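> what follows is a predicted protein model with its sequence.
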Amino acid sequence: MSTMHRVNVPQFIKLTESCAKIGMTIYAEGPPGVGKSKSILDWARKVKKRSKGKFGICYLDGANASLMDICGVLMKHERTYKAHDGEEVTINEGEFTFPYRNMQQNSEPDRPRWAIPFTITSDLPVLPPSPETQSQAVVRNLSPPGQLVATPAFSGVNEPVTVRGEGFAPDENLQLHWSRVIGNRMSGRGWQEATKAIVEGRADSQGRAKFQFNVPDDLGGSHTLSVESTRGKQTGNFWIKPTALPLDVNRGPVGTTFRIHLKGVGWSETANIVHVVYDNSYIGYACAFNSQGDIELILQATGEPGWHFIDLYPGIYKGTEVRPNNFRIPQLTYAADHPGEDLPAFRYAFEVTSNTAVGQ
């Protein structure tokens, strides 16, 4: 059971596990109805690992006293296979991105904070599945298909797709056009939407047409499909989901350079960046807009010999909200309440070796 510091209502946090193997995912649950003060809407989470910690934001509808539970990934790593007692998960208020450390001197000192004991077992670590298998099987809230219907309705880049339409003139030659956003938010030149023909087709005697192609290497999110014909313009929608490629190198000594490669990352302010967490520590974010959905992270292995985990979380690049200010930080509750697109997180593992061998 968690312990609290100076709260005036009975609210409790619990972990789904009190002990776990290295690499396992655990969750914190509760409390229902965290309060009505706007500054209580967000909670920063930290897992104590000696001097290191992983933190992120979990969004709560406190203004409406919602029953939504806190539910964010809290821990995925410990450096060695040795069992550790006395670990502790702490959950503190984080109105300005980071945990507020001297809450007892705040103007509202009764806001709750939690400290939850946890034990890491000596069992072998739980390694993540291959990156290729971590992409989404379902994407929520897709746009309606329109007159042109894609099968499947979403996929990763370079995957095959078929688009069908009807109502064209019999035996008419047609082109399927693909919309895309080009530009960035940093250069001052902005961005614009462009279209290009990606495949040709021909209507049959009944005016039906089929277009087959591999999804362009492009930004993630929605893309408008269109066909201009003698009988007018038809449109449809297709969604590119983010996908992760395997590491180029997944083992080697400290200092080994390795690359994480993502495709189909989005461009909107809720989808254009991923947040990088190495060994439970947030080390920065990467943007996909200017590189047309492609992210390549060049990292160096650090830490003691053994498995080290790298997580990539969705978040929010920019917004108008001032309090709380929780942009460009991992959103641990992305699966339940990301305010924009339905997005995945990805997890990698790298083995630091004690010798100089480098490889897969």
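Yep, that arrived. This is a predicted model, so every value here is computed, not measured.

> where along the stretch 151-300 of the chain do the strands fall?
154-155, 160-165, 173-183, 191-202, 209-214, 221-229, 232-240, 243-244, 251-252, 257-263, 273-278, 281-287, 295-300 (DSSP state E, counting those that start in this stretch).

> can you lay out the ones you listed as JSON lines showing mean pLDDT, distance to residue 321 and mean neighbour count?
(C-beta placed from N, C-alpha, C; glycine too.) Shown next, in JSON lines, are the strands of the stretch 151-300 of the chain (pLDDT from 0 to 100; distance: least, C-beta to C-beta, whole Å; neighbours: other C-beta atoms under 10 Å):
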{"stretch": "strand 154-155", "mean pLDDT": "97", "distance to residue 321": "29", "mean neighbour count": "22"}
{"stretch": "strand 160-165", "mean pLDDT": "97", "distance to residue 321": "37", "mean neighbour count": "18"}
{"stretch": "strand 173-183", "mean pLDDT": "91", "distance to residue 321": "24", "mean neighbour count": "17"}
{"stretch": "strand 191-202", "mean pLDDT": "90", "distance to residue 321": "23", "mean neighbour count": "13"}
{"stretch": "strand 209-214", "mean pLDDT": "97", "distance to residue 321": "39", "mean neighbour count": "17"}
{"stretch": "strand 221-229", "mean pLDDT": "95", "distance to residue 321": "22", "mean neighbour count": "20"}
{"stretch": "strand 232-240", "mean pLDDT": "96", "distance to residue 321": "27", "mean neighbour count": "19"}
{"stretch": "strand 243-244", "mean pLDDT": "97", "distance to residue 321": "30", "mean neighbour count": "25"}
{"stretch": "strand 251-252", "mean pLDDT": "94", "distance to residue 321": "42", "mean neighbour count": "19"}
{"stretch": "strand 257-263", "mean pLDDT": "97", "distance to residue 321": "27", "mean neighbour count": "18"}
{"stretch": "strand 273-278", "mean pLDDT": "92", "distance to residue 321": "17", "mean neighbour count": "24"}
{"stretch": "strand 281-287", "mean pLDDT": "90", "distance to residue 321": "18", "mean neighbour count": "16"}
{"stretch": "strand 295-300", "mean pLDDT": "96", "distance to residue 321": "25", "mean neighbour count": "15"}
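
> can you list these in CSV and add distance to residue 307?
Output for those, formatted as CSV (distance: least, C-beta to C-beta, whole Å):
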stretch, distance to residue 307
strand 154-155, 31
strand 160-165, 35
strand 173-183, 38
strand 191-202, 40
strand 209-214, 35
strand 221-229, 33
strand 232-240, 31
strand 243-244, 18
strand 251-252, 9
strand 257-263, 13
strand 273-278, 12
strand 281-287, 15
strand 295-300, 15
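
> how near is the closest residue to residue 208 other than its chain neighbours to residue 204?
Spatial nearest neighbour of residue 208, excluding adjacent residues (C-beta to C-beta, 6 or more residues apart in numbering): residue 166 at 4.5 Å. Distance of residue 166 to residue 204, computed by C-beta to C-beta, to the nearest Å: 9 Å.

> can you tell me the element residue 344 falls in?
Following DSSP states H and E, there is no helix or strand that holds residue 344.

> kindly report the domain assignment for the chain.
The chain breaks down by automatic domain parsing into domains covering 3-120, 149-240, 242-352.

> which one of the ones you listed lies closest to residue 130?
Checking the domains of the chain against residue 130 by C-beta to C-beta gives domain 242-352 as the closest, at 6.7 Å.

> chain center to the closest one, what's the gap?
7 Å (C-alpha atoms, centre = their mean, to the nearest Å).

> circling back to that earlier point, single out the most deeply packed of the domains of the chain.
Scoring the domains of the chain by mean neighbour count under mean count of other C-beta atoms under 10 Å gives domain 242-352 as the most buried, with a mean of 19.
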